[in-house]
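**Student:** Mind folding the following:
(chains A and B, ligands or ions: 3)
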Amino acid sequence: MPVPEHLEFFIDPSRCIGCESCVQACSECDTHRGHSMIHLEYVERSRTTQTTPVICMHCDSPTCAEVCPADAIKRTEDGVVQSARKPRCIACSNCVLACPFGVPKMKSDLELMMKCDMCYDRSSVGKKPMCASVCPSQALFFGTREEIERLRKRSAAVNRFRFGNQTVTTKVNMMVPRDARPEYIDVAAAMEEDSLGGDIMLNVLST
Amino acid sequence: MATLPVEKLQIIQEFGPHGAFMSGIRLDPGVEPDRIVKTHCCFCGQQCGIQLKVKDEQVIGFEPWLEFPFNRGMLCPKGVKRYLQGSHPDRLLNAVERDGSVPSGFKPIEYEAAIRRVAEAIKRIQNEHGPDSFAILTGASLTTEKAYLIGKFARMALRTANIDYNGRLCMVSAAAGNKKAFGIDRAANPWSDIPNSEVVWISGANVGECAPITTDYVWQARENGAKIIVVDPRITPIARTCDLFLPVKPGRDAALFNGILHLMIEHDWIDHAFIEGHTVGFDAVAASVKEWTPQKTADVTGIAVKAIQRAAEWWGTAKSSFLMHARGIEHHAHGVQNVLGAINIVLASGRIGREGGGYATITGQGNGQGGREHGQKCDQLPGARDISNSEHRAFICKVWGIEEADLPKAGVDAYEIIRKIDRGEIRGLISICFNPQVSLPDNNFVSQALDKLEFYAAIDFFLNETAQHADVVLPGSLHEEDEGTVTQLEGRVIKINKAVDCPGEARQDWKIIQDIAHALGREHGLTFASPAEIFDELRIASKGGVADYSGITYEKIENQFGVFWPCPSDDHPGTPRLFEPGSWNPVAKGSGPFYFPDGKARFNIAEYRPPVEDTDAEYPLMLTTGRVVSHFLSGSQTRRIGPLVEQYPEPRIEMHPRLAEQHGIADNDWVTAETRRGDTTLRAMVVTTIRPDTIFIPYHWPGRKSANQLTNSAQDPISKIPEYKACAVRIRKAQGPPDWEAELEPQQ
Ligand code: SF4
Ligand code: SF4
Ligand code: SF4
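**Tutor:** Ligands and ions are numbered 1, 2, ... in the order given. Sure thing, here's the model as predicted:
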């Protein structure tokens, strides 16, 4: 069964509280069998409590699959990019190096690339992925576009990203503030300067 | 003498904590659970709904419970990994007794023999020194049924006044403040009111880490246009995206609230009609805040004048609002005053008792609310009745079938029990799910006191740091091995369902308690056959009290996803929101919505005093303590769950770069923090997210890593909560790791 079309994934890093519930829950889904496929990045802990969850964005033209010499990475018809297939993956790590979002991980003990596959055992039967089910702040949200529009009046969903000259369109959406809605967002920027961490300092009125 | 039977390390080798990781079963693909049990998390006061997967009589994982309205499937990492406790290798499967001649310090003993030993010790000590020489300390994670039973056991079987609970360390300041102002001790609103508020004020609550599910409610308010004000010495995850952050100096909250009320009055941002019609005592409070000018408030609190003014304006002019606070303002020797200050600005605004207008404390412990209402607190009888009130006493004596003269009077609080042990006034102790060796302040003193006990019996499922001092340990039950109710932070009574049986010789705690009563020959009134039977009696015992549970049944809880107390009759749906205009209560009897005979709320002067131990030349910094998201309380459970230990393996000393620089400290360096009571050496975490005059250490670790070696046991005179959140400290760079570092596993 494919992932139902009306259900989409939305990420809102401004809501993330760094609790790692997503990381802990990801390892509980049957597709991943004990391995967590989501990463939590600290933007710069010395200056901010801002954290960012990183899941596979499920690109329309996945670079990871394009660079795979063994054709081990499959994108299913519903747009979900799967982990490498065990019989084919030669553990060359090309995908790890090529993915613009830094998502695939080489499990050297298994000699297999594993990555977020949207908890395919769950999402393909209409359930939410584990991370989005548990995320206490709903920084990770899985639902319909109507729901997200009702719940996030101040933000808009964006799914086109620029990395240098490469433009990537994804199945997964990032929530960005509506009043400063960019056409593209550059994910790398949030990781380079602690822009979000800096914002909070503007609100701090201390002596 | 309850000294450790052998070296601590030897005990730890046998009984842990050892980190348990994923079970093999779950890794096997295609495993279908035999059944799925709807229940709740075993940890914090939010009590998230969760479904446990059971296979071959073991809990092997969870499934989000999307329908449960409070958390709608959301869970924090503790809830996700809690199932790993079930088949944990450290689990106590039989009774043990201390024996210094065996390597681990404890040897197995037959359950019946262990019960006989406990009963004999109780009899001997009480015969020699009177009934109050034996005390009982209980946990606030126990179901309400167990709390009720233990309260009854203490008073009817032990006949001691000295019973208290670890909710004493949690939210008793809020409870006392609430009772003084509203006549009732419960969150005024359900959390569903938060998203409809225009301003959300959060004081001393690290919501993101200690009540993570609440974050979604707060940010939904923000999404709807609310302004979020956070008051904390640290930029916690919830503070990061707030609209106004007030970096208060630890222990100065009453001053801030007085300063805000001063500005509200000055600018006439107050609800005169509400104050006139529904409150008493405003004039005296107004006079008391006259001196709290913005400048004085700023000088005392360390917050800029401009920020204080902005907060007062946002709060004062809002049409709807929600104020919440937690241990940050309550864990003080003046915690009740801080809470009263918070309530004063709520009452002056008139925004309470309506949709989108509310006030609440964020209960920290699983059943911090339900447990104390029904008898495990030294001064309370079931139904939140007062043990000193003769009418209340008579009512409970009738339910219990005893003479009023035989019902003990109010006992002393948990810390005073420890002091009485130290002074030799209390010689025997039973503890159940309480780990004061880690969780009480100044715990070197606690250790010394425990050593003096003539007899100590612990009921627990792991051999926690305090139980290591015991003479006999009775193997109790895990959360998923019993049924019963708990009351979560909104006041919603919910049902814990049994998923599996107790393993080995372990028993459900209520059975152990009744077995002791039986062995004492004092089983009268303690012969319940099930938690449901206990609940039925508890309903009768609470009838007509403030915390009236008489209309609540297990079936109703299931049908309604929980029932909010008070619920005084079978056809009553429960009370999600207190103090609604026209609402009835058994104290005011129609005179008004608040729980006083005249139905009016009370303004109380919130007196500001600095922390009992303020900074000086010798100890120039403030130490404040708190939690991290992957651990819970004394860590007795979470320091055994491998993935949670990995997430936050060690306590760190959080400090500002400016402070670190003064001492030549870099991130990750070893640093010694020292107070008048003790010291610890931990790694530094240098971050701009804390005030430069304050350091923070999380308290979940025991022994040499324990933050509570440092904290001050000064207590609030009214609530008796200890001053965990502020004491004077000094720091210095250490020359590398301390000697003991290499000896212990990370989670110890
Ligand atoms: S985000 Fe990376 S791993 Fe995911 S589909 Fe795109 S390229 Fe592949
Ligand atoms: S569960 Fe949600 S809030 Fe917690 S770390 Fe993951 S994305 Fe962030
Ligand atoms: S610890 Fe609290 S927030 Fe976490 S899952 Fe349990 S009840 Fe929910």
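
**Student:** The residue positioned nearest the centre of chain A: what's it in contact with?
**Tutor:** By C-alpha atoms, centre = their mean, the mean C-alpha position of chain A lies nearest to A:Ile55, the distance being 2.4 Å. By C-beta atoms under 8 Å, 6 or more residues apart in numbering or on different chains, the residues touching A:Ile55 are A:Phe9, A:Ile11, A:Met37, A:Ile38, A:Val103, A:Cys116, A:Cys131, A:Leu140, A:Val172. For the C-beta atoms, the positions are set from N, CA and C on the backbone; glycine is no exception.

**Student:** part of a strand, is the last one?
**Tutor:** Yes: secondary structure of A:Val172, determined by DSSP: H, G, I helix; E, B strand; the rest coil: located in a strand.

**Student:** That one against A:His58, yeah?
**Tutor:** Yes: contact criterion C-beta atoms under 8 Å: A:Val172 and A:His58 qualify, at 5.4 Å.

**Student:** tell me, what's touching the two both at once?
**Tutor:** In contact with both A:Val172 and A:His58: A:Phe9, using C-beta under 8 Å, 6+ apart.

**Student:** Relative to B:Tyr217, how far out is B:Arg72?
**Tutor:** As judged by C-beta to C-beta, to the nearest Å, B:Arg72 and B:Tyr217 stand 11 Å apart.

**Student:** what about stretch B:31-46, near ligand 3?
**Tutor:** Yes: for stretch B:31-46, a contact with ligand 3 is found by C-beta under 6 Å from any ligand atom, at B:Cys41, B:Phe43, B:Cys44, B:Gln46.

**Student:** Buried ones in that stretch, by neighbour count?
**Tutor:** For stretch B:31-46, a neighbour-count test (16 or more other C-beta atoms under 10 Å in any protein chain shown) marks B:Pro33, B:Val37, B:Lys38, B:Thr39, B:His40, B:Cys41, B:Cys42, B:Phe43, B:Cys44, B:Gly45, B:Gln46 as buried.

**Student:** Tell me how far that stretch lies from the chain's centre.
**Tutor:** On the basis of C-alpha atoms, centre = their mean, to the nearest Å, stretch B:31-46 sits 22 Å off its chain's mean C-alpha point.

**Student:** next one: stretch B:216-225
**Tutor:** For stretch B:216-225, the distance to the chain centre is 26 Å (C-alpha atoms, centre = their mean).

**Student:** Quickly check: that stretch near chain A or not.
**Tutor:** Yes: shown here: stretch B:216-225 in contact with chain A (C-beta under 8 Å from any C-beta of the partner chain) through B:Asp216, B:Trp219, B:Gln220, B:Arg222, B:Glu223, B:Asn224, B:Gly225.

**Student:** Mind giving me the ChimeraX select for those, buried ones only?
**Tutor:** Only the buried members of the residues of stretch B:216-225 next to chain A enter the following ChimeraX selection, criterion being 16+ other C-beta under 10 Å:
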select /B:216,219,220,222,223,224
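
**Student:** Format the residues of stretch B:216-225 next to chain A as a markdown table; extra columns: secondary structure, distance to B:Pro233 and pLDDT.
**Tutor:** Shown next, in a markdown table, are the residues of stretch B:216-225 next to chain A (DSSP: H, G, I helix; E, B strand; the rest coil; distance: C-beta to C-beta, whole Å; pLDDT from 0 to 100):
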| residue | secondary structure | distance to B:Pro233 | pLDDT |
| --- | --- | --- | --- |
| B:Asp216 | helix | 25 | 97 |
| B:Trp219 | helix | 22 | 95 |
| B:Gln220 | helix | 26 | 96 |
| B:Arg222 | helix | 22 | 94 |
| B:Glu223 | helix | 27 | 94 |
| B:Asn224 | coil | 29 | 95 |
| B:Gly225 | coil | 28 | 95 |
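
**Student:** list the contacts for A:Cys135?
**Tutor:** So A:Cys135 contacts A:Ser21, A:Cys22, A:Pro53, A:Phe141, B:Met74 (C-beta under 8 Å, 6+ apart).

**Student:** Can you sort out which of these also neighbour ligand 2?
**Tutor:** A:Ser21, A:Cys22, A:Pro53.

**Student:** Which of these lies at the shortest distance from B:Tyr165?
**Tutor:** Checking the ones next to ligand 2 among the contacts of A:Cys135 against B:Tyr165 with C-beta to C-beta, the nearest one is A:Ser21 at 28.8 Å.

**Student:** That closest one - how many residues pack around it?
**Tutor:** A:Ser21 is flanked by 32 other residues according to other C-beta atoms under 10 Å in any protein chain shown.

**Student:** okay, now residue 100: neighbour count?
**Tutor:** The chain I'm using is chain A. 17.

**Student:** That was the other one, I meant chain B.
**Tutor:** Neighbour tally, B:Gly100, other C-beta under 10 Å: 10.

**Student:** still on that earlier bit, just checking, which of the residues of stretch B:31-46 next to ligand 3 belong to helices?
**Tutor:** Per DSSP state H, helices hold no members of the residues of stretch B:31-46 next to ligand 3.

**Student:** For the residues you listed, which two are the farthest from each other?
**Tutor:** Of all pairs in the residues of stretch B:31-46 next to ligand 3, the most separated under C-beta to C-beta is B:Phe43 and B:Gln46 at 8.6 Å.

**Student:** which residues of chain B score low on pLDDT?
**Tutor:** B:1, B:23-30, B:741-748 (pLDDT under 70).

**Student:** could you redo the last one with a cut-off of 90?
**Tutor:** Across chain B, residues meeting the criterion (pLDDT under 90) sit at B:1-3, B:20-32, B:86-87, B:171, B:241, B:356-357, B:370-373, B:375, B:735-748.

**Student:** In contact with residue 88, which residues are there?
**Tutor:** By default, I'm working from chain A. A:Ala70, A:Asp71, A:Ala72.

**Student:** please go with chain B instead
**Tutor:** B:Ala20, B:Phe462, B:Arg640 are the contacts of B:His88 under C-beta under 8 Å, 6+ apart.

**Student:** surely the last one meets B:Asp90?
**Tutor:** Yes: taking C-beta under 8 Å as the contact criterion, B:Arg640 and B:Asp90 are neighbours in contact, 5.8 Å apart.
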